[in-house]
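Novice: Based on what follows, work out the 3D shape:
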Amino acid sequence: MALPPIAPARTALMIVPTYNEAGNIEALLDALLTLPLGARTGWQLHVLVRDDSSPDGTGDIVQALATGRHEGRLAHSQGVKQGLGRALELAFAEALELGYEVVMTMDADFSHDPRDIVELLRAINAGADVAVGSRTTPGGLIPGDWPLDQIVRTRVAGAVARGLGGVDPRLRELTTNFRAMRSEVLAGIDFGRVRARGYGFQLFLANAFSSSDWTVKEVPISFHSRAAGASKAGPRDVLEFVRIAAQLNDDSPAKQFGRFLLVALSGALLALLLAGLGGLLAPADAPATPWLLAAGAMQAAILWGALWHPRFSFRRYRTAVRLGGRAHPLVDLLRFELLGLLICSAVAGAIVATAPLGVLAVVLQVLAIAAGVLIVYRFSSTRIWNPARTAAPAAPALLAATPAYRRAA
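Specialist: Here you go, the predicted model:
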């Protein structure tokens, strides 16, 4: 490597992962290494280019610059093509071994403006442990000519990250590669927990930052269309992104709602079973029998939910109680009982009222049942088994180093 064996004080290392960026890399490195950072931030900048053996000669260009006009401040690290995530992981290990206080990352295609590095380092100076260059925070911009499919893909990725992955919604920017991190942040992340080779690695990092006790500051930036070359993202990256989201927080909204539905369905099956058994045993000529059977089945389903939702559906609530929070089993039972009776009665009324409508009745009845389930889930997760009601901290996310999360002012 062409960098000092021990990083100088107040020097940040910018990691630039590359693959076929020969059309951009020389201009980018010149721009980075001529930035007047010292006078404006008190930091100096070194650059590590991690190239995955680009066949277009990107590595040769970097190597020539590292032994020429940027000697001592630029290093070229070569590896086989294993994907963006693996390239960054290996580069992080090199940065930590050299002892850099701050590690930064950016793309090589000029989608990130090198001048914005000043603001990232100023955020670090102001106390941030992680400074994220954000297109989506107030003041951030995306190019007016950005293709619609990329905008949609970014929005969908954010929805998947939050709904399926459970990434903290307070962190707006989830897919960027433009950030500054203190070395202790990187040292505290267990990169072996999730296997991420492509762009899903950005989701992994976003979750690791936002679910830990680091001060995270989003810095508004102007995002640009790439200067030259083509995007490396493909269908495989989309699938990996979804896979990684599914591996993250165990109590994400989608996973929590899935468990809730499982309990609700099993409760409904239990109610039908008990109603059927009761129908076989009860006298058929008694006028009150159908009503008693229906009431008993409904009560069984409610008690089933009250038993399993705090133990299975809402795991963060259960963990908060285990960590010292105060449970309210009787109050929770009474709340869920009242909620269940109201919603079940309303749904049953809707089914009876729409019965004469023929085929339309089926559609309306399904909608009534779906609405009832959503209402019960909403109130159960926010009013009954919400970890905030236990007066104890909520359970940490899967990848969290510590349970709290704070945003820089």
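
Novice: alpha carbons only for contacts and neighbour counts from here, please
Specialist: Noted.

Novice: residue contacts, the closest residue in space to residue 220 that isn't next to it in sequence?
Specialist: Nearest residue to residue 220, sequence neighbours excluded (CA to CA, 6 or more residues apart in numbering): residue 140, at 4.3 Å. Applying CA atoms under 8 Å, 6 or more residues apart in numbering, one finds that residue 140 lies in contact with 134, 219-223.

Novice: which among these gets closest to residue 99?
Specialist: The shortest approach to residue 99 among the contacts of residue 140 belongs to residue 219, at 25.1 Å (CA to CA).

Novice: Model confidence at that closest one, what's the number?
Specialist: On pLDDT, residue 219 comes in at 93.

Novice: Find the helix or strand that it is a member of.
Specialist: Per DSSP states H and E, residue 219 falls inside strand 215-220.

Novice: what pairs with that strand, and is each one parallel or antiparallel?
Specialist: strand 130-134 (parallel), strand 406-407 (parallel) (DSSP bridges).

Novice: Any idea which of these gets closest to residue 95?
Specialist: So among those, strand 130-134 is nearest, using CA to CA, at 15.8 Å.

Novice: Other residues contacting that closest one?
Specialist: 120-121, 123-124, 140, 172-173, 176, 178-182, 185, 209, 214-221.

Novice: in the stretch 1-150 of the chain, which spans are strands?
Specialist: Under the criterion DSSP state E, counting those that start in this stretch, the stretch 1-150 of the chain contains strands at 11-18, 44-51, 74-78, 102-105, 130-134.

Novice: ok, for residue 267, nearest residue in space, not its chain neighbours?
Specialist: For residue 267, the spatially nearest residue (CA to CA, 6+ apart) is residue 301, at 4.6 Å.

Novice: For that neighbour, give me the pLDDT.
Specialist: At residue 301, pLDDT is 90.

Novice: Low-confidence regions, the stretch 101-250 of the chain specifically.
Specialist: Flagging of the stretch 101-250 of the chain using pLDDT under 70 yields the residue ranges 141-152, 225-235.

Novice: Alpha carbons only: can I get the strand holding residue 219 in PDB?
Specialist: Written as PDB, here are the backbone C-alpha positions of strand 215-220 (Å, rounded to 0.1, in the frame of the first residue of the first chain):
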ATOM      1  CA  THR A 215     -25.100   9.800  17.400                       C
ATOM      2  CA  VAL A 216     -26.300   9.800  13.800                       C
ATOM      3  CA  LYS A 217     -26.500  13.000  11.800                       C
ATOM      4  CA  GLU A 218     -28.000  13.200   8.300                       C
ATOM      5  CA  VAL A 219     -26.400  15.900   6.200                       C
ATOM      6  CA  PRO A 220     -28.400  17.200   3.200                       C
END
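
Novice: Quick one: residues in contact with the next helix or strand after it.
Specialist: Downstream of strand 215-220, the next assigned helix or strand under DSSP H and E is helix 235-247. The contact list for helix 235-247, computed with CA under 8 Å, 6+ apart, reads 157, 160-161, 164-166, 194-196, 198-200, 203-204.

Novice: what's the distance between the residue lying closest to residue 138 once chain neighbours are set aside and residue 139?
Specialist: Nearest residue to residue 138 in three dimensions, chain neighbours excluded: residue 220, at 6.6 Å (CA to CA, 6+ apart). Separation of residue 220 from residue 139 (CA to CA, to the nearest Å): 5 Å.

Novice: out of these two, which sits in the busier spot?
Specialist: A direct count of neighbours by other CA atoms under 10 Å for residue 220 and residue 139 places residue 220 higher, at 20 against 11.

Novice: residues in contact with that one?
Specialist: 133-141.

Novice: ok, residues contacting stretch 36-48?
Specialist: Residues contacting stretch 36-48 (CA under 8 Å, 6+ apart): 3, 10-16, 29, 32-33, 73-77, 91, 118, 121-122, 125.

Novice: how far does that stretch sit from the chain's center?
Specialist: Averaging C-alpha positions (CA atoms, centre = their mean, to the nearest Å) puts stretch 36-48 31 Å from its chain's average.

Novice: Same question for stretch 70-84.
Specialist: 29 Å.

Novice: now the end-to-end length of that stretch.
Specialist: 25 Å.

Novice: Show me what counts as buried in that stretch.
Specialist: Using 16 or more other CA atoms under 10 Å as the test for burial, stretch 70-84 gives 70, 73-78, 83-84.

Novice: Let's test this: mean pLDDT of that stretch, rounded?
Specialist: Mean predicted confidence for stretch 70-84 is 87.

Novice: which other residues reach it?
Specialist: So stretch 70-84 is contacted by 1-4, 17, 33, 45-53, 59, 62-63, 65-66, 87, 197-199, 201 (CA under 8 Å, 6+ apart).

Novice: just to revisit the earlier point, pull the most distant pair out of the contacts of helix 235-247.
Specialist: 166 and 198 (19.7 Å).

Novice: Between those two, which is the more surrounded one?
Specialist: Using other CA under 10 Å as the criterion, residue 166 and residue 198 rank with residue 166 on top: 25 against 22.
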